[in-house]
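Colleague: requesting a structural model of the entry that follows:
(chains A and B)
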Amino acid sequence: MLNIKNLHVKLEEEDKAILKGVNLEVKAGEVHAIMGPNGSGKSTLSYVLSGKPGYVVTDGTATLEDKNLLALEPEERAAAGLFLAFQYPVEIPGVGNMTFLRTAANAQRKARGEAELSAAAFLKLVRVKAGELKIDAEMLKRPVNVGFSGGEKKRNEILQMAVLEPKMCILDETDSGLDVDAMKLVADGVNALRSEGRAFLVITHYQRLLDHIKPDVVHIMADGKIIKTGGPELALEVENNGYADLLAEVA
Amino acid sequence: MAVAAHKTEGAATLLARYAAPKPLNWLKGARDSAADRLSAMGAPHGRDEYWRYTPPAPLLGDVADVAAVQDAPLFDADDAYTLVFVDGVFDAAQSKLGADPALSIQTLNAANADIHWAAESYGVLENAGQNPVPRPLAALNTATAEQGVLIRVSGKAAKPVLLRHIRKAANAEAMLHHVIKLDAGASLTLLEDGVIAARSNVVLEVDVADGAAFDHMRNQGRDHGRVLASHIFAKLGAQSQFKSFTLSLNGALSRNEAVITMTGDSASAHIAGAAVGDGAFLHDDTIFITHDAEHCESRQVFKKVLRNGANGVFQGKILVKPGAQKTDGYQISQGLLLDDDSNFLAKPELEIYADDVVCSHGSTCGSVDETALFYLTSRGVSKADAQDLLVLAFLDEAIAEIRNDDLADLLRERLGGWLARRRK
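Modeller: Just a heads-up that it's a prediction; the model follows:
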């Protein structure tokens, strides 16, 4: 599904390398977690994969089902099946949540040569998915993320994911700022989407999210590289001992 | 204070250019005094404080040819009492005035001395609005206009009055003067639709009595080369409501002035505008709102989207007179620049002589929010569509000022279509 080879990235504005040779393969149906200390490059990896401006790829490749992601515009990556659940979902005053969702869903359908959904069919689809995430109809009418609580913003991200049905989902610290109940709700939303044809890359600081979203593979990232890969037990090790031992082990 | 000789000469030139309108006995006194006013204040000049950012030359010399853009009317004539003007001349055959017991509608050139209220009102609010800032083009209009509509509103009008403008000649010039008087408790919605003429000068005087409500929405059309100076002069009585919204797309020069004075307690004045300009475009909102009574509320909301070297100007003032306690004033002007070549110039002014008031104002100028743009595109929305969504979102605070939600939605839909077509 997602294949990253020797990815090197620096900031556009200053000559500062952030990713220093990331290698990662996520197969269809798998859930991978990336953990790592602050500043290790986890969020940068998610931004570079989704096409956020401000980064320069200096070496390496990233493909989604053999499509060269790095050559595509952000909207083309989305149409190819990539989705990033933002760590800080953006507030867009004046753009209705429902309008935004429909515009996005139909743009992707159009790009893939599929028929656009009628307004009625789309509304029905969104209502069902929103109900599962306990997002009330009032939130759908409000401008995108404006006045939403931290938990509502994250649930809104998962709603978008559920409606857009991407193949490759990246969750960037979706658990940050969530209370236990909200985290459970978000995790349930993600688990409902797990399927053979879909893969997840879950970026998190804490093991607790992984209690709810059980990963197949856990990677530890530090200083722009993946330094260790293992099973779910690796996350528990980090939870118990911190990153210091792992960093020392590699050094 | 004596004005410069060139300004006096300019006024004489203007008066000569528009000399000898069709004689109307009941208007003679008002026209003559307006001509005297204009001579005394002189023609507008680029060195005048309120013309510094908007060179008045295109409003003064010969009228250039203007190509017409095909555009369907925004408002449905069947839902309104409709007056059609062709190049600024009333066309009775195409008009449908209807018969509403709350309305008395007459056109300026057909009106006679029998309508005492009009004779007593014509030019009065314009004259009052000349102080402290002179508005010579409005005086010129009062002195020489022979087209326009006179509406007396004695109750609640069942339907809006629609002024539908149709352009024919490439270089026609229109001079329209409308006078509207709402009696106590009366209400009227006035709609204006379309480009009036290649060049036009419009004055709208609105006297809103106690407890009356006036709602105004105008679409100034999309012709690129058109030149326009408009003035609204309004006086608001106690507990009256005034709302005005203007949409401007394209246009070489639009100078929209409004002078609104609240003379009765608990009156409310809202004025808003959305302008979208591309290339040779200069759009200027010059607003003066006076609070001269207690517990009055006013809002100014002006948004301009500019690209390819387009220019936006905002000069907005809130004057709170001594004794106008509990005033609630708000003013926002914002420019969204879609490239580095465009300009937005704002001059917000507050002048407050009462001590128990709330007045807030803000002015911003910036480009499209890159973070929001990335968020939208990361969901699959094309960059162009995402930018249009953000442009509409930017304009929405002004559009939300429209009282009628259906009309606001109609406008949003049209704007979306216009933005999408503009790219092709």
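
Colleague: quick check: mean pLDDT of the host helix or strand of A:E75?
Modeller: Using DSSP states H and E, A:E75 sits within helix A:74-79. In this model, helix A:74-79 carries a mean pLDDT of 94.

Colleague: for stretch A:2-20, same thing?
Modeller: On average, stretch A:2-20 scores 92.

Colleague: again with stretch B:200-209
Modeller: Across stretch B:200-209, pLDDT averages out at 98.

Colleague: ok, now how distant is the closest residue to A:T204 other than its chain neighbours from B:K235?
Modeller: Spatially, and ignoring its direct neighbours in sequence, A:T204 is nearest to A:D175 (5.6 Å; C-beta to C-beta, 6 or more residues apart in numbering or on different chains). Where C-beta positions appear, they are placed from N, C-alpha and C, glycine not excepted. Distance of A:D175 to B:K235, computed by C-beta to C-beta, to the nearest Å: 60 Å.

Colleague: quick one: stretch A:138-147 to chain centroid distance?
Modeller: 21 Å (C-alpha atoms, centre = their mean, to the nearest Å).

Colleague: what's the span of it, first residue to last?
Modeller: 12 Å (C-alpha to C-alpha, to the nearest Å).

Colleague: return the residues in contact with the residue in chain B positioned nearest to chain A.
Modeller: Proximity of chain B to chain A (C-beta to the nearest C-beta) peaks at B:A393, 2.7 Å away. The contact partners of B:A393, by C-beta atoms under 8 Å, 6 or more residues apart in numbering or on different chains, come to A:I92, A:P93, A:G94, A:V95, A:P143.

Colleague: show me where the stretch 1-150 of chain A has its helices.
Modeller: With DSSP state H, counting those that start in this stretch as the definition, the stretch 1-150 of chain A shows helices at residue ranges A:42-50, A:74-79, A:97-111, A:119-132, A:137-141, A:150-164.

Colleague: B:H291 is nearest to which of those helices?
Modeller: Each of those has some distance to B:H291 by C-beta to C-beta; the shortest is helix A:137-141, at 35.0 Å.

Colleague: buried residues in that closest one?
Modeller: By neighbour count with 16 or more other C-beta atoms under 10 Å in any protein chain shown, helix A:137-141 contains the buried residues A:M139, A:L140.

Colleague: what's it packed up against?
Modeller: helix A:97-111, helix A:119-132 (3 or more C-beta pairs under 8 Å, 6 or more residues apart in numbering or on different chains; DSSP states H and E).

Colleague: any idea how far it is from the middle of the chain?
Modeller: 23 Å.

Colleague: coming back round to it: and the residue nearest to A:T204, which of the three is it?
Modeller: Using DSSP: H, G, I helix; E, B strand; the rest coil, the structure places A:D175 in coil.

Colleague: centroid-wise, who is the farthest residue in chain B?
Modeller: Each residue of chain B has a distance to the centre, and by C-alpha atoms, centre = their mean the biggest one is for B:S378: 39.9 Å.

Colleague: which residues touch that one?
Modeller: A:S50, A:G51, A:K52, A:P74, A:E75, A:R77, A:A78, A:F83, A:L84.

Colleague: I'd say the second one and A:A80 touch.
Modeller: Pointing back at A:G51 there. No - taking contacts as C-beta atoms under 8 Å, A:G51 lies outside contact range of A:A80: 10.8 Å.

Colleague: picking that back up, pick the most buried one from the helices and strands packed on helix A:137-141.
Modeller: Counting by mean count of other C-beta atoms under 10 Å in any protein chain shown, helix A:97-111 has the highest mean neighbour count of the helices and strands packed on helix A:137-141, with a mean of 20.
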